[in-house]
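Undergrad: Next one to model:
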Amino acid sequence: MKQKPKKESAKISVKDGQSNYKKIGFMCGLEIHQRLATREKLFCSCTTTLLDRSARPSGSIVRFQRAVAGELGSVDKSAEFEGEKNRSFTYNIFDHNTCLVDIDEEPPHSLNAEALEIALAVSSAMNMQIVDELQPMRKAVVDGSDPSAFQRTIMVGLEGRIEVGGNKVNIPTLFLEEESSGIVSSTSSSVIYNTDRLGVPLLEIDTDANIPDPKTAKEIALYIGTMLRLTGMVQRGIGSIRQDVNLSIKDGARVEIKGVQELGFIDIYLENEIKRQQNLLTIKSALRKAKAKVGNPTDVTHLFKNTNVEVIRHHVGGGAVFAFPLFGFRGMLGFEINPNRRLGTEISDYAKMAGVHGIIHSDEDLNRYKFTPEELAELKRHLKISDKDSFIIIAGSRDEARRAIELAIWRAKYALEGVPKETRMAHDNENHTSRFMRPLPTGSRMYPETDVEPVQVTEEMSKRAAKSAPSVEKERSYIKSMVKNSAIVEQLILSPRLQLFKMIAEKSRADPEFVANVLIQKLTELRRSGINVDAIRDESIIEVFWLYAEERITKQAVEEAIKIISKNGGSLEPVLSKFSLERIKGSALKELVDRTKKENPGVNADVLLSRIMSKYRLNVDGSELNSLLSKKK
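TA: Model (predicted):
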C-alpha cells in the first residue's frame with residue numbers, strides 16, 4: 001500500500017444532540033454512489049452521455065438470470081431471493097451508447113484511465129491508502145440491472161478519514177465500478193431496462209457505521225457530495241448521485257435503505273427508520289405477551305365461489321385463494337409503524353414479491369371490500385379463530401398465491417422476533433419512508449474478474465492524484481474572496497451549483513455576490529413557487545448573467561429572464577425584444593427622462609423616479625436613473 005500523509009480536513013458544523021441516539025444504540029453508515037463525467041464508459045468506448053427516456057432503442061435482448069455461488073462457495077441470500085422470482089429481463093440497446101461489452105457478448109476493454117485518475121484523486125483527498133495493484137472483481141447482481149448478472153468493481157482506496165463538524169469519520173473503502181441499467185418499467189414477471197447508462201464509471205464511497213446521529217449523517221453526505229463535485233468530473237442531475245443508508249438500533253437489526261437521491265432528506269429517512277424499528281419492537285413485545293403465533297395456510301377458494309369481493313372473485317375460477325390465522329394478533333396488523341404504513345403493509349410488501357397485488361387482513365375496514373357477514377363468519381370458523389385473533393387472505397394465480405402466502409407467513413412470524421435484516425428502497429413521497437426490496441446481501445456476492453488484467457498504480461499516478469485532490473477548505477477560502485456573506489458561502493459550498501457559480505464568476509464581469517445570491521436564494525424561491533429551475537441548462541443561466549454583465553439586461557430583469565428560459569428553453573438573447581427585457585441606458589435613458597420631465601412639469605425628482613420605475617422596472621437601472629434625475633441643467 002502507498003500510505004498517504006494525513007491532511008487537515010474541512011469542518012462543517014452540526015448541532016449537538018447525539019446522546020439520545022447513543023442511548024438507543026444508534027449505528028449508521030453511508031454508501032455514496034456518484035456517476036463520473038468521463039468521455040467513455042468504464043470498460044468500453046461507448047459514450048457516457050445519457051439519452052432521454054423517450055429515445056427509441058435500436059434493438060433489444062431478453063434474458064433470464066439465476067444466482068450462482070460466490071468466491072467462497074456459498075450463494076448470496078439476496079441474489080437467491082431475486083432469482084426465485086424467475087422474471088424475464090428486456091434490455092433496450094442504443095447506437096453509440098451500447099456495445100457488445102455491455103450485453104456481455106465481448107470481453108471488456110482495458111480500464112478507463114480517466115475514471116481511474118478521478119478515483120485516485122478522491123482517494124487522496126480522503127487520506128486513503130491507495131492499493132498498489134488494482135484487481136477487478138465481479139459482484140453478483142440478480143435484480144436484472146446488468147445483462148451479465150454481475151457488476152465489475154475495483155477497490156481503489158482503503159482506511160481513509162475525514163472530519164465533519166468535529167466528528168472523525170472513517171472511510172474504509174472506495175470502489176470504482178460500473179453503473180447499472182436504468183429501469184423503464186417493471187411487473188411481477190418482467191422488467192424492461194435501458195442500457196445507455198450501463199457501464200458508466202461510478203464511485204462508491206463507504207463510511208464506517210460510527211455516525212452518531214441522523215443530522216451528522218446528512219452533513220457527512222453533503223460534505224462528500226461537495227468533495228466529489230469539486231473534482232469537476234461528476235455527472236449532475238437526478239439519479240447521478242445516490243446514497244444507500246445502513247443503520248440499526250439496540251435490539252433492532254441492520255437495515256439498508258437504497259436509493260436516497262436527495263442528500264437533504266437522509267436525516268428524515270433515518271428518523272423514520274428508527275421509529276419503524278422501535279414500533280416493530282413494541283409489536284414484538286405485545287405479541288409475546290399475548291403468546292401469539294402464526295397458523296398454517298389453507299386453501300379457502302371454495303368459501304368464496306359466489307363472492308362479490310372483486311379482488312377475490314377475479315381469481316376464484318382459474319386461480320386460488322389462501323388464508324392463514326394469526327392467533328393473538330388482533331390490532332397488530334393495523335399498528336402504524338411509519339406514516340401511512342402498518343405491520344400489514346410490511347407483510348403485504350413481502351407477498352407482492354410473488355406477483356400478487358397485495359393482501360387483505362382483518363384489521364382493515366373489510367366493508368370496503370364488500371364481504372358479507374356470512375363469508376367472514378365462515379372464514380373464521382374455517383380458520384378456528386376468535387375475536388383475539390386476526391387473519392390474512394391472499395388471492396392470485398395458484399403458483400403466485402402459494403408463493404405469496406409463504407412469504408407473508410415468514411414475515412408475520414418474524415413479527416414475533418422483531419426487526420428483520422432487509423434491503424429497503426427509499427420511497428419518494430412526503431413521508432420519506434422505505435419499502436422492502438429483498439433480504440440483506442452477504443459477502444457471497446464477490447468473485448474474481450478473469451477477463452481484465454490487474455492494474456499497477458505507479459508512483460507518478462499517486463503524485464498526480466495528490467496534486468489534483470479536491471479540497472473543501474481551499475474551495476471555501478476561494479469563494480470567500482468573492483462573496484462576503486458567510487451564510488451564502490456555506491450554502492454555496494454544499495450546493496450542486498458551485499461549479500456553475502465558478503464558471504460565471506470566472507468568465508463574466510457579473511458581481512459574484514449577486515450571482516451567488518441568485519443561485520442560492522432566488523432559484524430556491526422560484527422552485528418553491530413552481531418554476532422548474534432544475535430543468536434549465538447551465539449554459540442558459542450563464543447567458544443570463546453574461547447579458548447582465550454586458551449591461552444588456554438589468555439586475556431586476558434577471559429573475560424574469562430565468563422564468564422565461566425555464567418555460568421556453570434555448571437562447572435568451574434573440575428574444576430580449578420579444579419579452580421587452582432590453583435595458584434602456586445611456587442616451588436612450590436620457591431621452592426617456594427628458595420626455596418624462598416635460599410631461600410632468602414641476603414634479604420633483606423622487607416622484608419622477610417612482611413613475612419611471614413603475615413602468616420600466618425591468619428595463620432601467622435604478623442607480624443610473626437616479627444619477628440622471630439628480631443632474632442639474
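Undergrad: tally of neighbours for the residue nearest to Met353 when sequence neighbours are not counted?
TA: Distances taken as C-beta to C-beta, 6 or more residues apart in numbering place Leu407 nearest to Met353, at 5.9 Å, with adjacent residues excluded. Bear in mind the C-beta positions are built from the backbone N, C-alpha and C, glycine included. With neighbours defined by other C-beta atoms under 10 Å, the count for Leu407 comes to 21.
Undergrad: ok, now which ones touch Leu407?
TA: By C-beta atoms under 8 Å, 6 or more residues apart in numbering, the contact list for Leu407 reads Tyr350, Ala351, Met353, Ala354.
Undergrad: Go through those and say which is closest to Asp534.
TA: Of all the contacts of Leu407, Asp534 sits closest to Met353, with 33.5 Å by C-beta to C-beta.
Undergrad: That closest one and Glu82 touch, don't they?
TA: No - using C-beta atoms under 8 Å as the test, Met353 is too far from Glu82 to be in contact (9.3 Å).
Undergrad: The two - which one has more neighbours?
TA: The residue with more neighbours, out of Met353 and Glu82, is Glu82; 24 against 19, by other C-beta under 10 Å.
Undergrad: Is the more buried one in a helix, a strand, or coil?
TA: What DSSP: H, G, I helix; E, B strand; the rest coil gives for Glu82 is helix.
Undergrad: What residue, apart from its backbone neighbours, is nearest it spatially?
TA: Val142 (4.2 Å).
Undergrad: Surely the one you found is in contact with Phe64?
TA: No - the criterion here is C-beta under 8 Å, and Val142 misses it with Phe64 at 10.3 Å.
Undergrad: The two: who's more crowded?
TA: Using other C-beta under 10 Å, the more surrounded residue of Val142 and Phe64 is Val142, with 26 against 11.
Undergrad: sec struct for Asn92, please.
TA: strand.
Undergrad: Compare the contacts of Leu407 and tell me which is most surrounded.
TA: Among the contacts of Leu407, the one with the most neighbours (other C-beta under 10 Å) is Ala351, at 25 neighbours.
Undergrad: Make sure that one is actually in contact with Ala404.
TA: Yes - here Ala351 reaches Ala404: they are 4.2 Å apart, a contact under C-beta under 8 Å.
Undergrad: Mind listing the shared neighbours of these two?
TA: Ile359, Ile394.
Undergrad: could you say which helix or strand contains Phe436?
TA: Phe436 is located in strand 433-439, with elements delineated by DSSP states H and E.
Undergrad: Relative to the helix or strand following that strand, what are the paired strands and their orientations?
TA: Downstream of strand 433-439, the next assigned helix or strand under DSSP H and E is strand 446-448. Strand 446-448 has the following sheet partners, assigned by DSSP bridges: strand 137-140 (antiparallel).
Undergrad: Ser181: how many residues sit nearby?
TA: 24.
Undergrad: hey, which helix or strand in the protein has the poorest pLDDT?
TA: Ranked by mean pLDDT, DSSP states H and E, the weakest helix or strand in the chain is helix 77-83, scoring a mean of 70.
Undergrad: Any chance of the contacts of Leu407 in a markdown table with pLDDT, distance to Met446 and secondary structure as columns?
TA: Shown next, in a markdown table, are those (pLDDT from 0 to 100; distance: C-beta to C-beta, whole Å; DSSP: H, G, I helix; E, B strand; the rest coil):
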| residue | pLDDT | distance to Met446 | secondary structure |
| --- | --- | --- | --- |
| Tyr350 | 94 | 27 | helix |
| Ala351 | 94 | 31 | helix |
| Met353 | 88 | 25 | coil |
| Ala354 | 88 | 29 | coil |
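Undergrad: for those residues, which one is nearest Tyr91?
TA: The closest of the contacts of Leu407, once distances to Tyr91 are taken by C-beta to C-beta, is Met353, at 22.1 Å.
Undergrad: That closest one and Pro439: what is the separation?
TA: Distance, Met353 to Pro439, by C-beta to C-beta, to the nearest Å: 11 Å.
Undergrad: Over to Ile553?
TA: Going from Ile553 to Pro439 by C-beta to C-beta gives 57 Å.
Undergrad: hmm, back to that, other residues contacting the strand holding Phe436?
TA: Residues from elsewhere that reach strand 433-439 (C-beta under 8 Å, 6+ apart): 77-78, 81-82, 143, 257-258, 269, 272-273, 276, 338-341, 346, 349-350, 353, 420-427.
Undergrad: mind listing which of those are in strands?
TA: Using DSSP state E, the subset of the contacts of strand 433-439 located in strands is Ile257, Lys258, Asn338, Arg341, Glu422, Thr423, Arg424, Met425, Ala426, His427.
Undergrad: What residues are bridge-paired with the last one?
TA: Listed by DSSP bridges, the beta-bridge partners for His427 are Thr433.
Undergrad: and if you look at the first one?
TA: With DSSP bridges applied, the residues forming beta bridges to Ile257 are Val245, Arg424.
Undergrad: Specify the local secondary structure of Gly29.
TA: Gly29 is classified as strand under three-state DSSP.
Undergrad: Test my guess that it contacts Asp244.
TA: No - judged on C-beta under 8 Å, Gly29 makes no contact with Asp244 at a distance of 9.2 Å.
Undergrad: between those two, who's got more neighbours?
TA: More neighbours surround Gly29 than the other of Gly29 and Asp244, with 22 against 19 (other C-beta under 10 Å).
Undergrad: Name the nearest residue to that one, ignoring sequence neighbours.
TA: Ala209 is the one closest to Gly29 (C-beta to C-beta, 6+ apart), at 3.8 Å.
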